[in-house]
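**Student:** Need a 3D model of the sequence below.
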Amino acid sequence: MKIKKIKEILNAELLTDDINTDVEIQAVNCADLMSDVLAFQNKGGLLITGLINIQVLRTAAITDIVAIVFVRGKIPDKAVIDEAKSKNILLLCTKLPMYEACGLLYKEGLKGISE
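**Tutor:** Numbers count the residues shown, from 1 in each chain. Below is the predicted model of the structure:
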């Protein structure tokens, strides 16, 4: 599923508007514990999280995650957004809670990393 479609499904705002949204996402990882993200890598995938700090970006870069969706209306500060741009990681935010965001994407056919 392309980022453009994910953005539409989640009614999300793109925070890194100068990065290509034609990226194809194969699977999703949903976590607030970055140790879980490291343990269950999702190369080329999407991370859904409620954390908005720089550690999320560092973890995404290590695991080759290409996009992050921040839930519950949380928006990271400018330093995090700038760092994402420098690493070519797409950032989106949605007002949806994590559970609903995951459910909507699953309903539309996007699978989790365990599948």
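**Student:** where do the strands sit along this protein?
**Tutor:** Counting by DSSP state E, the chain has strands at residues 13-14, 27-30, 46-49, 67-70, 90-93, 111-112.
**Student:** so which of these gets nearest residue 59?
**Tutor:** With Cβ to Cβ, the closest approach to residue 59 among these belongs to strand 46-49: 8.0 Å. To be clear about C-beta, it is placed using only N, CA and C from the backbone, and glycine gets the same treatment.
**Student:** what's the closest one packed up against?
**Tutor:** Helices and strands touching strand 46-49, as assessed by 3 or more Cβ pairs under 8 Å, 6 or more residues apart in numbering; DSSP states H and E, comprise strand 27-30, helix 54-63, strand 67-70, helix 98-107.
**Student:** Could you list the residues in contact with that strand?
**Tutor:** Strand 46-49 is contacted by residues 6, 25, 27-32, 37, 56, 60, 65-71, 98, 101-102, 105, 110 when judged by Cβ atoms under 8 Å, 6 or more residues apart in numbering.
**Student:** can I get the strands of the chain in a markdown table with distance to residue 2 and mean pLDDT?
**Tutor:** A markdown table is the format used below for these (distance: least, Cβ to Cβ, whole Å; pLDDT from 0 to 100):
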| stretch | distance to residue 2 | mean pLDDT |
| --- | --- | --- |
| strand 13-14 | 12 | 96 |
| strand 27-30 | 13 | 90 |
| strand 46-49 | 11 | 95 |
| strand 67-70 | 10 | 97 |
| strand 90-93 | 11 | 97 |
| strand 111-112 | 15 | 84 |
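**Student:** okay, the ones you listed in JSON lines with distance to residue 78 next?
**Tutor:** Formatted as JSON lines, the strands of the chain follow (distance: least, Cβ to Cβ, whole Å):
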{"stretch": "strand 13-14", "distance to residue 78": "15"}
{"stretch": "strand 27-30", "distance to residue 78": "25"}
{"stretch": "strand 46-49", "distance to residue 78": "19"}
{"stretch": "strand 67-70", "distance to residue 78": "14"}
{"stretch": "strand 90-93", "distance to residue 78": "12"}
{"stretch": "strand 111-112", "distance to residue 78": "31"}
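**Student:** Thank you kindly, that will do.
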